[in-house]
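In: pasting a predicted model and its sequence here:
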Amino acid sequence: MLRWSRRLLMGLNILNWVFLALFMIALVAISLRPDLVLDAIAGAKPAIDGGYMLDLFRITLLLCIPIAIAAHAIFTRLIAMIDATKAGAAFTIGNARRLRTIGWWLLATQVIDAAYGWLSFEMSRVSGEVFGWQPSLTAWLAVLLLFILARIFEQGAAMREELEQTI
């Protein structure tokens, strides 16, 4: 199971960077030829401030950069935890630190998601179209869970060291 999880995480990390590259290509394309996007917006909804919508869309694409960095940090730390577990060292200070770091990165994604939420509401307001977004209580709970698990792993590592010293 761990082997497949590791492969899945590696594949997801590759996809993460592929999608970031595609989003950055889109950002460059709309920056080089904003007239095409502005014409499309004007054709669909002439009353919309196309320049403002284009700026909101650019910001949305720029938010992909920190999300990709966070995803990479999460994936690589999960892979390192799998490797440590396969080596027989699950409850270690290193894994506790990795869990805490994953928690911070997941928290960062939630803050960025809130920024995306504002952007989607603003795009909906300007365009009259619905850009879907809703906050995720589950993700916020996952952040809390990761910090708790990191503390549990620290306790487990301390108990393990104490046991090893006793023996």
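Out: All right, it came through fine.
In: need the longest helix for this structure.
Out: Of all segments of type helix in the chain, defined using DSSP state H, the longest is helix 93-127.
In: pLDDT (mean, whole number) over that one?
Out: Mean pLDDT, computed over helix 93-127, is 95.
In: which other helices and strands contact that helix?
Out: Helix 93-127 sits against helix 50-62, helix 64-86, helix 137-166, with contacts defined as 3 or more CB pairs under 8 Å, 6 or more residues apart in numbering; DSSP states H and E. The C-beta positions use only the backbone N, C-alpha and C, and glycine is treated the same way.
In: list the buried ones in the shortest one?
Out: If I follow you right, that is helix 50-62. Residues of helix 50-62 classed as buried by neighbour count (16 or more other CB atoms under 10 Å): 50, 53, 54, 56, 57, 58, 60, 61.
In: still on that earlier bit, okay, buried residues for the longest helix of the chain please.
Out: In helix 93-127, counting by 16+ other CB under 10 Å, buried: 95-96, 98-103, 105-110, 112-113, 116, 119-120, 123, 126-127.
In: looking at the helices and strands packed on helix 93-127, which is nearest to residue 9?
Out: helix 64-86 (5.0 Å; CB to CB).
In: contacts for the closest one, please.
Out: The contact list for helix 64-86 (CB atoms under 8 Å, 6 or more residues apart in numbering) reads 2, 5-6, 9-10, 12-13, 16-17, 19-20, 23-24, 90, 92, 94-95, 98-99, 101-102, 105-106, 108-109, 112.
In: go on, stretch 131-151?
Out: So stretch 131-151 is contacted by 96-97, 99-100, 102-103, 106-107, 109-110, 113-114, 116-117, 119-121, 123-124 (CB under 8 Å, 6+ apart).
In: which secondary structure elements does the least confident helix or strand in the chain by mean pLDDT contact?
Out: The weakest-scoring helix or strand in the chain, judged by mean pLDDT, DSSP states H and E, is helix 34-44 (a mean of 87). The contact analysis (3+ CB pairs under 8 Å, 6+ apart) places helix 34-44 against helix 50-62.
In: got the CA positions of the helix it packs on in CSV?
Out: Coordinates of each C-alpha in helix 50-62 appear next as CSV, following Å, rounded to 0.1, in the frame of the first residue of the first chain:
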residue,chain,number,x,y,z
GLY,A,50,-13.2,43.9,-19.4
GLY,A,51,-9.9,45.3,-18.1
TYR,A,52,-11.0,44.8,-14.5
MET,A,53,-12.1,41.2,-15.3
LEU,A,54,-8.8,40.5,-17.0
ASP,A,55,-6.9,41.8,-14.0
LEU,A,56,-9.0,39.5,-11.7
PHE,A,57,-8.3,36.6,-14.0
ARG,A,58,-4.5,37.4,-14.0
ILE,A,59,-4.5,37.5,-10.2
THR,A,60,-6.4,34.1,-10.1
LEU,A,61,-3.7,32.6,-12.4
LEU,A,62,-0.9,34.1,-10.2
